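> Here's my sequence, what's the structure:
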Amino acid sequence: MIQQADILREFKLFFGGTGGIDSWLRADTSQDVFERLGALDKIPLSRVQLTQLLVLSHEAGPSDGFFEYYWLSTPPDHPYDVTTIPGYEPNWIGLPTIKSLQHLKWGLYRLYVDALLYFGSIRSAYRALREHSLDRLTAFFRWKRFDTQLIRARGPALDLAPIAKDNRYLISEMACKSYGATADNASELKKVLLAAFKEHKQAGGGKVKIGDLLDGTHVRDFFADQKDQLLFSADELLTEDVETTEQLDAKYARIADSFTKAREAALKNTRYYLSMVGDLDVYVATSMRDRADFRGMADSCDRIFSDPLLKGMHLRYFDPTLSAAECHEDKGLLECLMVKCAKVLVFCAGKKDSYGKDAEAAMALSQGKPVIFLCDEERRSRFYKEVHPLSRLIDFSTGVAVGAIVTSELSDVAKLLYRIFENKMEYELEQAKPGYLHLKEKLTQSVIRLQTNDALLRETFWNYYHNRRITQLDGQIGT
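Numbers count the residues shown, from 1 in each chain. Below you'll find the predicted structure:
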């Protein structure tokens, strides 16, 4: 006979303290419950007896369908592989009863993972699911899956217009401001270069590097607030020497032609992105400050989406180094639409992030989408996991707390995308402190869901969150 203290220790992970099923096994639970569970390894537990034990503990019992779904089967249409849940034993499947304490724990573990993923609290999930039939539960969780077969069967999208990686910085808004939409002779960059060269000639002339012209007194005196933009836009020319206006014209014309071609290709790609927006899989967000950032981001996208794990999926992904818009307002609308429509967001942290990219990540998390943060060093990884506010947000449609998946390894991004779209994510439960539950993504150990142990916060949150939604719904029905 297994003793009460041993049972409490064995099930300590599952105590959330909400007064629901996660408070089932506690020190003051009926002795009848502990006596029956203590004999479980010798006498299997039926659904009827489990119901009795729950009722004796002031909790309602489950339906036959719920009992079968969580303890007697491994549903093939679940949003993740339930056989990866700790403690799983194949010989439990197909039995009419719960065979052991480990068997009981496995089913509870599954319930807790599902509860934190989709309901935000263990009590809410159990109350929502416990009365349903096997067919209803199967249909509900099938709806939570990605349709992997459909994704693989659709084939590749139209090819995007190529842009050389060394020229992708030319599609940026800063370059567009410097060269102008048509990159004609009236462009801002050319006017500044000609004026700076004229000043250089008046000071004695001679061979001069274009970078020195843009770092000279003319720019400092009249274009100080645009200096970084001009240097960025002329990056390819900065180390080149000129002695005459004709040489300057020729060198400028060469880079202006590259700008025009890159921009035309990027605008075409934007039209192609819009044509596939209803089928978009991944939105890649980042903040690119210099030419090296554009090269690095292009390389990262290539490495992620050419990974053999993803090859057969033909994922539709938005590469920020290949797209431009006619103006920054249009670019904002475009990117908001992409975030809204994409199934997953990948945030590539740069040397200095921007409000716009933070906002995109926040939008995706607030829609309950998987968000993967790629940080270039362990320090930033710890920062995003433990400090950054975007690592914990709320799915506005459900109230479920949502956390980002954070990694410092580029190869992890492809693995995570594969697991997401193949419905093969793996999770671990953790009780960070008494009654405080974390759900972690197994590969990166990122906390992606949680249940607080603050009773006042928890009860107030759920009472008022759902009350507000009901009020809004009543208003919609009334109209």
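> mean confidence score for the helix or strand encompassing Leu456?
Taking DSSP states H and E as the criterion, Leu456 maps to helix 455-478. Helix 455-478 shows a mean pLDDT of 66.
> The one helix or strand Gly356 maps to: which residues count as buried?
Element membership for Gly356 (DSSP H and E) is helix 355-366. Within helix 355-366, the residues that qualify as buried are Lys357, Asp358, Ala359, Glu360, Ala361, Ala362, Met363, Ala364, Leu365, counting by 16 or more other CB atoms under 10 Å. From N, CA and C alone the C-beta is placed, and that goes for glycine too.
> Buried ones in whichever helix or strand Gly65 is part of, by neighbour count?
Per DSSP H and E: Gly65 is located in helix 64-71. Using 16+ other CB under 10 Å as the test for burial, helix 64-71 gives Gly65, Phe66, Phe67, Glu68, Tyr69, Tyr70, Trp71.
> Helix or strand next in line after that helix, which one?
Immediately after helix 64-71, counting by DSSP H and E, sits helix 101-118.
> Which elements pack onto that following helix?
helix 4-10, helix 64-71, helix 122-129, strand 427-433, strand 436-441, strand 446-451 (3 or more CB pairs under 8 Å, 6 or more residues apart in numbering; DSSP states H and E).
> Any idea which of the ones you listed gets closest to Phe396?
strand 446-451 (15.4 Å; CB to CB).
> tilt between that closest one and helix 122-129?
80 degrees (axes from the mean of the first three to the mean of the last three CA atoms, to 10 degrees).
> ok, back up a step: the helices and strands packed on helix 101-118 into JSON lines, with extra columns for distance to Tyr252 and mean pLDDT?
Shown next, in JSON lines, are the helices and strands packed on helix 101-118 (distance: least, CB to CB, whole Å; pLDDT from 0 to 100):
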{"stretch": "helix 4-10", "distance to Tyr252": "75", "mean pLDDT": "95"}
{"stretch": "helix 64-71", "distance to Tyr252": "69", "mean pLDDT": "98"}
{"stretch": "helix 122-129", "distance to Tyr252": "64", "mean pLDDT": "95"}
{"stretch": "strand 427-433", "distance to Tyr252": "56", "mean pLDDT": "94"}
{"stretch": "strand 436-441", "distance to Tyr252": "50", "mean pLDDT": "95"}
{"stretch": "strand 446-451", "distance to Tyr252": "48", "mean pLDDT": "93"}
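> Tabulate these (a markdown table), appending distance to Ala298.
Converted to a markdown table, these look like this (distance: least, CB to CB, whole Å):
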| stretch | distance to Ala298 |
| --- | --- |
| helix 4-10 | 52 |
| helix 64-71 | 46 |
| helix 122-129 | 43 |
| strand 427-433 | 33 |
| strand 436-441 | 27 |
| strand 446-451 | 26 |
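> buried ones in the helix or strand in which Arg303 is found?
Element membership for Arg303 (DSSP H and E) is helix 291-305. If you call a residue buried by 16+ other CB under 10 Å, then helix 291-305 has these buried ones: Arg291, Asp293, Phe294, Arg295, Gly296, Met297, Ala298, Ser300, Cys301, Ile304, Phe305.
> what's the closest non-adjacent residue to the second one?
In other words, Asp293. Gly350 (6.1 Å; CB to CB, 6 or more residues apart in numbering).
> give the contact list for the one you found.
If you count contacts by CB atoms under 8 Å, 6 or more residues apart in numbering, Gly350 has them with Thr286, Ser287, Met288, Arg289, Asp293, Lys357.
> Just say helix, strand or coil for it.
coil (DSSP: H, G, I helix; E, B strand; the rest coil).
> Now flag whichever of the contacts of Gly350 is closest to Asp225.
Checking those one by one against Asp225 (CB to CB), the nearest turns out to be Arg289, at 16.5 Å.
> these two touch, right, the closest one and Lys351?
Yes - using CB atoms under 8 Å, Arg289 is in contact with Lys351, at 6.4 Å.
> who's more crowded, these two?
Per other CB atoms under 10 Å, whichever of Arg289 and Lys351 has more neighbours is Arg289, with 17 against 11.
> and after the helix holding Gly356, which helix or strand comes next?
Defined by DSSP H and E, the subsequent element after helix 355-366 is strand 371-374.
> what sits up against that next one?
Contacts of strand 371-374 (CB under 8 Å, 6+ apart): 300, 344-349, 361, 364-365, 381, 384, 390-391, 402, 404-408, 410, 412-413, 416-417.
> Tell me what the spatially most central residue of the chain is bridged to.
Computing the C-alpha centroid of the chain and ranking residues by CA atoms, centre = their mean puts Val371 first, at 0.6 Å. With DSSP bridges as the criterion, Val371 is bridged to Leu345.
> Distance from stretch 278-296 to the middle of the chain?
14 Å (CA atoms, centre = their mean, to the nearest Å).
> Start at 52, not 1
Noted, 52 is the first residue going forward, which turns the last one into stretch 329-347.
> Send me that stretch as PDB with only the CA atoms.
Only the C-alpha atoms of stretch 329-347 are listed here, as PDB (Å, rounded to 0.1, in the frame of the first residue of the first chain):
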ATOM      1  CA  GLY A 329      -3.700  34.400 -47.200                       C
ATOM      2  CA  ASP A 330      -1.300  31.400 -47.200                       C
ATOM      3  CA  LEU A 331       1.600  33.000 -45.400                       C
ATOM      4  CA  ASP A 332       3.300  30.700 -42.900                       C
ATOM      5  CA  VAL A 333       6.100  32.800 -41.300                       C
ATOM      6  CA  TYR A 334       6.800  36.500 -40.800                       C
ATOM      7  CA  VAL A 335      10.400  37.400 -40.200                       C
ATOM      8  CA  ALA A 336      10.800  40.500 -38.100                       C
ATOM      9  CA  THR A 337      14.100  42.300 -37.500                       C
ATOM     10  CA  SER A 338      15.700  45.700 -37.300                       C
ATOM     11  CA  MET A 339      18.500  46.400 -39.800                       C
ATOM     12  CA  ARG A 340      20.800  49.400 -39.300                       C
ATOM     13  CA  ASP A 341      23.600  48.900 -41.800                       C
ATOM     14  CA  ARG A 342      24.600  47.000 -44.900                       C
ATOM     15  CA  ALA A 343      26.000  44.100 -42.800                       C
ATOM     16  CA  ASP A 344      22.700  43.700 -41.100                       C
ATOM     17  CA  PHE A 345      21.000  43.200 -44.500                       C
ATOM     18  CA  ARG A 346      23.600  40.700 -45.500                       C
ATOM     19  CA  GLY A 347      23.400  38.900 -42.200                       C
END
